[in-house]
Structure formats: structure tokens, C-alpha cells
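K.L.:
quick check, what structure comes out for this input:
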Amino acid sequence: MRVMGRGQAKMNPRLCDVCEQQARKAPGGAVIPMSLLFADIRGSTGLAESLGTERFTALIARFYDAITEELLKADALIDRLIGDEVVALFVPLLTGDKHAEAAIRAARAILKATGHEDKGGPWVPVGVSVHTGDAFIGAVGKAGVSDITALGDEVNLAARLASLAGPGEIFITESARAAAGLSVVGLEPRHLDLKGRNAPVDAWVMHIGSGSPLEENATSVTSG
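P.N.:
All right, here's what the predicted structure looks like:
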């Protein structure tokens, strides 16, 4: 890439930055089908208080490193690393029509990487949400200071779900489950009234942890 005058993409260093450069020169984008993943540290306020600034900062850095490694393996675009949260986009350009499946696999990998399948428990408690829908992706803001991100109601929905996911839980919307072809066997159904939304949201909860009864279903997602 250096020989051709190209650098690494900010959202995924495995890609070149040509598209990002063009998008920032001429802000704009398009509404496309995609899957969104939000991963949050649970109880981060209490952790920050108990650990102190230096140790909590080290924990966040480790959290970012562990999660971004799994997301890059899954061909995700990393939208934001902000506070105790990571936001990733799975788009057809990189994953084809299997973006929902890729997002759920990545969610499982994230919880495994943070120790939720370990007998001793996780080294950091994390909850994840996965949602599939049509959202805007592109550069917003003035040329030169714009940023590439995803926007829209579907993004807000995924964020709301992540705030409800407990440690070791993946909240998967029905649209994401159906798009991934994931069996409902072993999944816990939820009918959620989310703040700011007029209609309830149907979702499924996959529990990941030592002794989890969901290994058969989980294997069907990760084996693809």
C-alpha cells in the first residue's frame, strides 16, 4: 500500500484508506443493509472507582486490544472506541450477505476473549448486542474535519440493546437472528419496551459462560 501511496484504513487497518480519503473529501454516504455490534463493559463506573485511574486505564486498553483483534478477524469496520464501549459495523462489501452471521460470531469471540468461558470468570464483564437493519454509512461533517460513521434508528436500537445486556450476554434482535439463520433452541426470548421507541422489540439472549447450555447452538454459528 505504501508503494501505491496508500495508507491503512482507520476503521480496519487490513484495508487501504482510499475510500476513507474520498469520503472525507466529499462527505456523504448511503443507506445499506448491515449488522451492528455494540460491546460494553458492565459496571465500568464502579470498576473505575475501585481500580483507580492507572489500573482502570490499563484495563480499558486491554479491553480495546482484545476486542478489536476479534473484530478485525471478522472483517468488521470499527466505528468507535469510546469510553467503555466498542461499536463495529459489518457491511456487505466485506462479508457479503452473511454480515449478521459474522457479527454474531464476533460477539461470541469477544466474550470468549474477555474470559466469559473461563472457569474463573471474565477478567472484565462485557455485554454485547447484535442487530441487523438498514442504516446510513458515510462521512458526516464538513470536508476535512468529517468522520465516517453509521447513523439512523437501527444504530440507536443496537445501542439501547447493548445497555441492557448483562455480563456474558449477547442480545440478538429477531432480524439479526433470522438473517444469520440461527436456531432459537437454547436462546432466551425477550419482548422489550425500550426507552424512546413506540413499539416493543423482539430479541433473543445468548448466554456465554462456563457451563453454558448453549454450546450446540453456538457451534452452529461459529462453524461457518
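K.L.:
in the protein, which helix is the longest?
P.N.:
Across the chain, the helix with the greatest residue count (assigned by DSSP state H) is helix 53-73.
K.L.:
helices of this structure, start to end?
P.N.:
According to DSSP H, the helices that the chain contains are 18-25, 44-51, 53-73, 92-95, 99-113, 153-164, 174-180, 215-222.
K.L.:
ok, which of the ones you listed comes nearest residue 204?
P.N.:
helix 174-180 (5.5 Å; C-beta to C-beta). The C-beta positions use only the backbone N, C-alpha and C, and glycine is treated the same way.
K.L.:
packing partners of the closest one?
P.N.:
Using 3 or more C-beta pairs under 8 Å, 6 or more residues apart in numbering; DSSP states H and E as the contact definition, the elements that helix 174-180 packs against are helix 99-113, strand 126-140, strand 201-207.
K.L.:
as a markdown table, those with mean neighbour count, mean pLDDT and distance to residue 57 would be great.
P.N.:
A markdown table is the format used below for those (neighbours: other C-beta atoms under 10 Å; pLDDT from 0 to 100; distance: least, C-beta to C-beta, whole Å):
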| stretch | mean neighbour count | mean pLDDT | distance to residue 57 |
| --- | --- | --- | --- |
| helix 99-113 | 25 | 96 | 19 |
| strand 126-140 | 23 | 93 | 17 |
| strand 201-207 | 20 | 93 | 30 |
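K.L.:
in JSON lines: these, plus distance to residue 32.
P.N.:
What follows is the helices and strands packed on helix 174-180, written out as JSON lines (distance: least, C-beta to C-beta, whole Å):
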{"stretch": "helix 99-113", "distance to residue 32": "10"}
{"stretch": "strand 126-140", "distance to residue 32": "6"}
{"stretch": "strand 201-207", "distance to residue 32": "21"}
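K.L.:
mind checking how far the longest helix of the chain is from the chain centre?
P.N.:
Helix 53-73 has its C-alpha centroid displaced from the chain centroid by 14 Å (C-alpha atoms, centre = their mean, to the nearest Å).
K.L.:
could you do stretch 137-155 as well?
P.N.:
Here stretch 137-155 is found 17 Å from its chain centre; the criterion is C-alpha atoms, centre = their mean.
K.L.:
using CSV, write out every CA atom in it.
P.N.:
C-alpha atoms of stretch 137-155 as CSV (Å, rounded to 0.1, in the frame of the first residue of the first chain):
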residue,chain,number,x,y,z
ILE,A,137,-22.9,4.8,6.5
GLY,A,138,-20.7,7.5,5.2
ALA,A,139,-18.8,10.7,6.1
VAL,A,140,-20.7,13.4,8.0
GLY,A,141,-19.4,16.9,8.8
LYS,A,142,-17.5,19.4,6.8
ALA,A,143,-14.9,18.3,4.3
GLY,A,144,-11.5,18.0,6.0
VAL,A,145,-13.0,17.5,9.5
SER,A,146,-15.6,14.9,8.7
ASP,A,147,-15.8,11.5,10.2
ILE,A,148,-17.1,8.2,8.8
THR,A,149,-19.8,6.5,10.9
ALA,A,150,-23.2,4.8,10.8
LEU,A,151,-26.4,6.7,11.7
GLY,A,152,-30.1,6.0,12.0
ASP,A,153,-32.8,4.4,14.1
GLU,A,154,-31.2,0.9,13.6
VAL,A,155,-28.0,2.2,15.2
